[in-house]
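S.K.: test case, fold it:
(2 chains)
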Amino acid sequence: MKRSTFLTSLLAFALVTACDKKSDSSSAGNSSDGKKLTIALLPKSKGNQYFATVEKGARAAAAELGVELIYDGPTNTDPAKQNEIVEGWVNYGVNVIAAACENREGISGALKAAQEKGIKIVTYDSDTTPDARSFFVNQATAQGIGETLMDTAAKLCGEEGEFAIITATLTAANMTEWRKNIEARLAAKYPKMKLVTTKPCDDQKDKAQAEATNILNAYPNLKCIMAICSPAVPGAAEAVKQAGKAGVVKVLGLGLPSENRQYVKDGVTQAVILWKVEDLGYLTIQAAVAAAKGTLKTGDKTFTSGKLGAMEIQDTDIILGKPFVFTKENIDQFQF
Amino acid sequence: MKRYFRELSVAAALALLLLVLALVAPSFFSPQPLLSRLTAQTPSLVVAVGMALVIICRQIDISVGSQFGVCAVVAGLLAAAGLPLPVVLFTSIGSGMVMGALNGWLVAGLGLPSIVVTLATMVTWQEALRLFQQGKFVNLPPGTQWFGLRQLGGQTALICAALVLLALAAWAMKNLAAGRFIYAVGTDAEAARLAGINPRRTTLGAFTLLGALTGLAAVMNVVQSPQVQPTCGAGLELKVIAACVVGGVAVNGGRGNLWGVFAGLLLLAMINPALTSLHVEAHWEKAIQGLVILLAVVADGLRTRRSRR
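M.R.: Predicted coordinates for the structure are as follows:
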């Protein structure tokens, strides 16, 4: 088993290098002539709707800027495969690699090796170590997510009443960070609202539904359930629906429009929050091209990116902006 | 009375828990949440029945969670393709049977240890499913949820189906030859063989039946909501094995009662909602569940020591 994967990758590597030999002269010629830049875009996994949407935005930016875009990644999330693909691109001679990193430390070696060959590295969605890339296109800061969640919940509840949180686990680093920001916003702006309980769902829709049923039962005055991991949003919605409390107890959360569309249309879930995934792809390619051309430099405070306008830069993070709120009115425009 | 001491003590613990709730948080017994909670447990109950047979047979199957996920996605995709419910149901049961029979063949036919075999199939099915589905939910057409019935009708149907199945299986374990075979093989396979029972065929049968029940349970889960999460079986094996152990099924085979498993499952399943109703912090939930399982295992250990003397 292990041996055959090794052989397959060896074979794949041989094929890639064989192809390189042929294209070497032409691609090198391209970049030195200052003609077409080649940008390689690496998703965490290829068949995933989320990254397919990133690719769509990236293609739009590439067409606008007149650059070549290569999109490739593991079929399944696989950090080792990401490294192989990066190494293949280094041999091929691309100008910029834009990567969503599955393993923060695991990929940094391969990216640094690419940097040494003069290839610019930009990361998006999930960062590597800062020394292995020039910029990180950050889709949302923990503060942005926490504040948008809390503000939306407050709006849905009329800024008063009890609410509960369903999270993936009580220890997950990113969610702990979001919860801190939610609680800070709550303390600062909404004195009449009260967080009654926080329950984990282990990233399971069915467990989230069970927990939401329990919460609805134990806290009869509850006005809103906030689900901060994506399977928990439809899970909480199903519980509210089964309890016959659709519209009475509001549901909101971080999730994908495609997993929540029916509940949103039926008025069970009021708001689904996520960044505009297509814009993430667009901004990533804009930043990648600007970094290659030298118009985007370390120390810049803003970055003007095509149709998105001026984006804030914090240190070396280019911030996509506040997350987007999907509602009944706009959810049908988004397919991911 | 003494013979069913273990089962009765689990039932007593469950009764005590419910009594505390009735006094402290009577709203726990309002009909809707109770019905939703019980319905949500029906798939686990069906799998636990099959798991009890396999454990009584002195084997174990930790791949049921993965089998459950595969069957649920198969059922979901067929339903989404517009196929009628009986087709969906039988394909799911069939898929489960095939996966269960494979485990059974590897264990009984090749004589491999069941923990290793099912660990391997667990990972295989789980990764194959992840590769195939990429974590994407399957959205079901309207009319799939609750078999197209109203919510109350669907919930009642699922609960009745699970209870009828439990009663039938409990009856069969006591009164049918096949049921007695399972106890005999689990107690002493060699003695069973000398008595004219085929231990291999019995073991294969137990695994296959567990697979079929897992396929059935997957459909019972799928019809409870309008979408299927591909990882819906994650952790199911632990839950049903725990229900068996707490319910008095001996881990080293030969002993166990399905009504005890029923009580064990209910006890474990009610701990979570009970703690929420008592406004206890979420951090304690898993620790308390672990403690209940530990108590059951210790009780079993003491009993075996006493009987050896």
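
S.K.: which pLDDT value goes with residue 308?
M.R.: In the absence of a named chain, this looks at chain A. pLDDT for A:Leu308: 90.

S.K.: please refer instead to chain B.
M.R.: pLDDT, read off for B:Arg308, is 65.

S.K.: now B:Ala72
M.R.: B:Ala72 is given a pLDDT of 98.

S.K.: neighbours of it, how many?
M.R.: Burial of B:Ala72 is recorded as 29 neighbouring residues (other Cβ atoms under 10 Å in any protein chain shown). In this view, the C-beta of every residue, glycine as well, is placed from N, C-alpha and C.

S.K.: that one touches B:Gln224, doesn't it?
M.R.: No - checked against Cβ atoms under 8 Å, the pair B:Ala72 and B:Gln224 is beyond contact range at 10.7 Å.

S.K.: contacts only, for A:Gly66.
M.R.: A:Lys36 (Cβ atoms under 8 Å, 6 or more residues apart in numbering or on different chains).

S.K.: contact partners for B:Gly248?
M.R.: Contacts of B:Gly248 by Cβ under 8 Å, 6+ apart are B:Arg6, B:Glu7, B:Val10, B:Arg255, B:Gly256, B:Asn257, B:Gly260, B:Val261, B:Gly264, B:Ala296, B:Asp300.

S.K.: which one is the fifth one nearest to, not counting chain neighbours?
M.R.: In other words, B:Gly256. B:Val249 (3.3 Å; Cβ to Cβ, 6 or more residues apart in numbering or on different chains).

S.K.: circling back to that earlier point, which of the contacts of B:Gly248 scores worst on pLDDT?
M.R.: Ranking the contacts of B:Gly248 by pLDDT, B:Asp300 lands last with 80.

S.K.: surely A:Ala271 is in a strand?
M.R.: Yes - counting by DSSP: H, G, I helix; E, B strand; the rest coil, A:Ala271 is found in a strand.

S.K.: look at the nearest residue to it once chain neighbours are set aside and give its secondary structure.
M.R.: Among residues not flanking A:Ala271 along the chain, A:Leu252 sits closest, at 4.1 Å (Cβ to Cβ, 6+ apart). On the three-state scheme (three-state DSSP), A:Leu252 is labelled strand.

S.K.: identify the bridge partners of A:Leu252.
M.R.: A:Met226, A:Ala271 (DSSP bridges).

S.K.: burial count for it?
M.R.: What A:Leu252 shows, counting by other Cβ under 10 Å, is a neighbour count of 29.

S.K.: put the alpha carbons of stretch B:218-227 into PDB.
M.R.: What follows is stretch B:218-227 as a C-alpha-only set of coordinates in PDB (Å, rounded to 0.1, in the frame of the first residue of the first chain):
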ATOM      1  CA  ALA B 218     -28.800   4.800   8.700                       C
ATOM      2  CA  VAL B 219     -32.100   5.200   6.900                       C
ATOM      3  CA  MET B 220     -33.800   5.900  10.200                       C
ATOM      4  CA  ASN B 221     -31.300   8.700  10.700                       C
ATOM      5  CA  VAL B 222     -31.600  10.100   7.200                       C
ATOM      6  CA  VAL B 223     -35.400  10.500   7.400                       C
ATOM      7  CA  GLN B 224     -35.000  12.700  10.500                       C
ATOM      8  CA  SER B 225     -33.700  15.800   8.800                       C
ATOM      9  CA  PRO B 226     -33.600  17.300   5.300                       C
ATOM     10  CA  GLN B 227     -29.900  16.700   4.700                       C
END
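
S.K.: of all the contacts of B:Gly248, which comes closest to A:Lys245?
M.R.: When those are compared for distance to A:Lys245 (Cβ to Cβ), B:Gly264 wins out at 31.7 Å.

S.K.: can you pull the phi/psi pair for that closest one?
M.R.: phi -60, psi -40 (degrees, to the nearest 10).

S.K.: ok, now which ones touch it?
M.R.: By Cβ under 8 Å, 6+ apart, the neighbours of B:Gly264 are B:Val10, B:Ala48, B:Ala242, B:Ala243, B:Cys244, B:Val245, B:Val246, B:Gly247, B:Gly248, B:Ala296.

S.K.: what's the most distant pair in these?
M.R.: B:Ala48 and B:Ala296 (14.0 Å).

S.K.: who has more neighbours, those two?
M.R.: Ranked by neighbour count (other Cβ under 10 Å), B:Ala48 and B:Ala296 place B:Ala48 first, with 31 against 25.

S.K.: which SS state does that one fall under?
M.R.: helix.

S.K.: and the gap between the nearest residue to it once chain neighbours are set aside and B:Leu119?
M.R.: Excluding the flanking residues, the one nearest B:Ala48 by Cβ to Cβ, 6+ apart is B:Val240, at 4.2 Å. Distance, B:Val240 to B:Leu119, by Cβ to Cβ, to the nearest Å: 16 Å.

S.K.: of those two, which one has the most company?
M.R.: Between B:Val240 and B:Leu119, counting by other Cβ under 10 Å, B:Val240 is the more crowded of the two (32 against 14).

S.K.: now do the one helix or strand the more buried one maps to, average pLDDT.
M.R.: B:Val240 belongs to helix B:236-246 when elements are defined using DSSP states H and E. Mean per-residue pLDDT for helix B:236-246: 95.

S.K.: what's it packed up against?
M.R.: Packing partners of helix B:236-246 (3 or more Cβ pairs under 8 Å, 6 or more residues apart in numbering or on different chains; DSSP states H and E): helix B:31-56, helix B:64-80, helix B:258-277, helix B:285-308.

S.K.: now do the buried residues in that helix.
M.R.: Using 16 or more other Cβ atoms under 10 Å in any protein chain shown as the test for burial, helix B:236-246 gives B:Leu236, B:Glu237, B:Lys239, B:Val240, B:Ile241, B:Ala242, B:Ala243, B:Cys244, B:Val245, B:Val246.

S.K.: burial check on the nearest residue to the third one once chain neighbours are set aside, number of neighbours?
M.R.: Yep, that's B:Lys239 we're talking about. Once flanking residues are discounted, B:Lys239 sits nearest to B:Ser44: 5.8 Å by Cβ to Cβ, 6+ apart. Residues near B:Ser44, counting by other Cβ under 10 Å, number 22.

S.K.: and B:Ser44, how far from chain A?
M.R.: Distance, B:Ser44 to chain A, using Cβ to the nearest Cβ, to the nearest Å: 10 Å.

S.K.: okay, that residue: pLDDT?
M.R.: For B:Ser44, the model assigns a pLDDT of 98.

S.K.: list the contacts of it.
M.R.: B:Ala217, B:Leu236, B:Lys239, B:Val240, B:Ala243, B:Leu265, B:Ala269.

S.K.: output these as TSV; include the columns distance to A:Glu87.
M.R.: As requested, the contacts of B:Ser44 are arranged in TSV below (distance: Cβ to Cβ, whole Å):
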residue	distance to A:Glu87
B:Ala217	45
B:Leu236	40
B:Lys239	43
B:Val240	45
B:Ala243	49
B:Leu265	51
B:Ala269	50
